[in-house]
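K.L.:
whatever this is, show me its structure:
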Amino acid sequence: MTHFLFYRIINTDKQTRTERYMTQRELAKTLNITQAAVSMALKGSPRISPEVRESVRKLAENSGYRLNLAGQMLRRNRSNVIGTIFPRLTNLYYAELFQEIQQQLQPHGYILSLTPAETAEELHRAVANLQQMHVAGVISSAYQTEPLLPLKEAGIALVLCGGYKRVEIGASQILPDYHQPILMLTRRLIADGRRHIAFFGADIPEEQRYNAYLTVLQEAGLTPLPIFLPRSTASGYMDSAFDAVRHHLLEHPETDAIIAHHDELALVARRAILQTGRAIPQEVALTGFDNISIGRYVTPSLTTVEQPQKQIARSIIHELLESMKDPGHREFISIPCRLVIRESI
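P.N.:
You can find the predicted model right below:
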């Protein structure tokens, strides 16, 4: 692709000045590497070391580098917009991941557009809207994939993130390993003497986190205590979650540990546990999943599982750019997650 030197006009109260954008050639000269290495680094190629990729990304960000996408987008009848379909940004994990993807994608000259969608109807509507926008590509959660098929049929690059399990729809999928950390966490709770362990927020056995919990309890001969989460509107989600876990604690006062499907639910469960007069972790141990930033600052600090957002975002962007170059490209990438032990167990 041909790269041009761009200028932008910046107006201030005192003067109007022209700010010059750097080209890939100038980035390469500054870092004393080849232009080809700069191009691959900006695309997140694994052929370039993480250190060099990070150096290129920082210089591109600080210098105002912009890729010239105009000719390419006109030829393909595509915009420079990447659509994202996430359940909702009130879940802080998705908010933090969206921000990380946006930051890493910026040097490539693309901008993100968010479409929240959870139900099949919302997904169908989101897909239709993104097609009308002529987006260059789409990043979507993988919990429901059938509504996403029109994107593939229209030749729009698609990358899936997360999901219950590996899916096959001809698109790359980035799937963090949800299973292994919950195996380790549940076994640790049992080793600590917990015998009445509830799982809060999932009731589908094939979902990796819930499946791992069920597996360990079966091994130990313990009875599962699922806390089902009622379907509700986005505005009523937290209230419904709080009512569900509070009702469970009143019905099952023997509960001595709760594993929450994600950190947001763990924080809801924390309030319900305290309101029913129990102490964390002395009477009820509590864990989450995602390692959102606020979990470090509550008291007691939240034990959780970290999804490495920088690595996930980097993999998403690499697969997206490869899929835009080659419509037949697809890869399945499993990313390990890390157990983070804090004060709540």
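K.L.:
tell me where the stretch 51-200 of the chain has helices.
P.N.:
Here the stretch 51-200 of the chain has its helices, by DSSP state H, counting those that start in this stretch, at 70-76, 92-105, 120-132, 149-153, 179-191.
K.L.:
can I get the ones you listed in TSV with mean pLDDT?
P.N.:
Converted to TSV, the helices of the stretch 51-200 of the chain look like this (pLDDT from 0 to 100):
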stretch	mean pLDDT
helix 70-76	47
helix 92-105	92
helix 120-132	93
helix 149-153	93
helix 179-191	98
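K.L.:
of those helices, which approaches residue 299 most closely?
P.N.:
helix 92-105 (18.2 Å; C-beta to C-beta). Every C-beta, even on glycine, is put in place using the N, C-alpha and C of the backbone.
K.L.:
what comes into contact with the closest one?
P.N.:
Contact with helix 92-105 is made by 44, 57, 82, 84, 86-89, 111-112, 114, 139, 161, 262-264, 290, 292-294, 307, 309-310, 312-314, 316-317, as judged by C-beta atoms under 8 Å, 6 or more residues apart in numbering.
K.L.:
try it again at 7 Å.
P.N.:
The contact list for helix 92-105 (C-beta atoms under 7 Å, 6 or more residues apart in numbering) reads 82, 84, 86-89, 112, 114, 139, 262-264, 290, 292, 294, 309-310, 312-314, 316-317.
K.L.:
buried residues of it, list them for me.
P.N.:
Neighbour-count burial for helix 92-105, counted by 16 or more other C-beta atoms under 10 Å, picks out 92, 93, 94, 96, 97, 98, 100, 101, 102, 104, 105.
K.L.:
go on, stretch 114-133?
P.N.:
In terms of neighbour count (16+ other C-beta under 10 Å), stretch 114-133 has its buried residues at 114, 115, 116, 117, 118, 122, 123, 124, 126, 127, 130, 131.
K.L.:
of all these, which two lie farthest apart?
P.N.:
By the measure C-beta to C-beta, 118 and 131 form the most distant pair in those, at 19.6 Å.
K.L.:
flag the shaky bits of the stretch 201-345 of the chain, pLDDT-wise.
P.N.:
The model of the stretch 201-345 of the chain has pLDDT under 70 over residues 232-235.
K.L.:
where along it do the strands fall?
P.N.:
Along the stretch 201-345 of the chain, counting by DSSP state E, counting those that start in this stretch, strands occupy 225-227, 257-260, 285-287, 304-306, 332-335, 338-340.
K.L.:
can you list the buried residues in the first one?
P.N.:
What it means is strand 225-227. 225, 227.
K.L.:
identify the residues contacting that strand?
P.N.:
Counting by C-beta under 7 Å, 6+ apart, strand 225-227 makes contact with 196, 197, 198, 199, 200, 203, 244, 245, 248, 252, 255, all of which sit outside it.
K.L.:
mind listing the strands it pairs with, and their directions?
P.N.:
strand 197-200 (parallel) (DSSP bridges).
K.L.:
now the strand it pairs with, how far from the chain's geometric center?
P.N.:
In terms of C-alpha atoms, centre = their mean, to the nearest Å, the centre of strand 197-200 is set 23 Å apart from its chain centre.
K.L.:
now swap in stretch 105-116 and tell me
P.N.:
For stretch 105-116, the distance to the chain centre is 14 Å (C-alpha atoms, centre = their mean).
K.L.:
of the contacts of helix 92-105, grab the buried ones for PyMOL.
P.N.:
This is the PyMOL syntax for the buried subset of the contacts of helix 92-105, where burial follows 16+ other C-beta under 10 Å:
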select buried, resi 82+84+86+87+89+112+114+139+262+263+264+290+292+309+312+313+314+316+317
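K.L.:
pretty sure residue 288 sits against residue 268.
P.N.:
No - with contact defined as C-beta atoms under 7 Å, residue 288 does not count as touching residue 268 (10.1 Å).
K.L.:
more neighbours: the two, which one.
P.N.:
In this view residue 288 and residue 268 are compared by other C-beta atoms under 10 Å, and residue 288 has more residues nearby, 29 against 24.
K.L.:
picking that back up, which of the buried residues of helix 92-105 sits closest to residue 274?
P.N.:
residue 92 (20.5 Å).
K.L.:
measure that closest one to residue 107 for me?
P.N.:
Noted for residue 92: a distance of 25 Å to residue 107, by C-beta to C-beta, to the nearest Å.
K.L.:
please apply the same query to residue 61.
P.N.:
For residue 61, the distance to residue 107 equals 6 Å [C-beta to C-beta].
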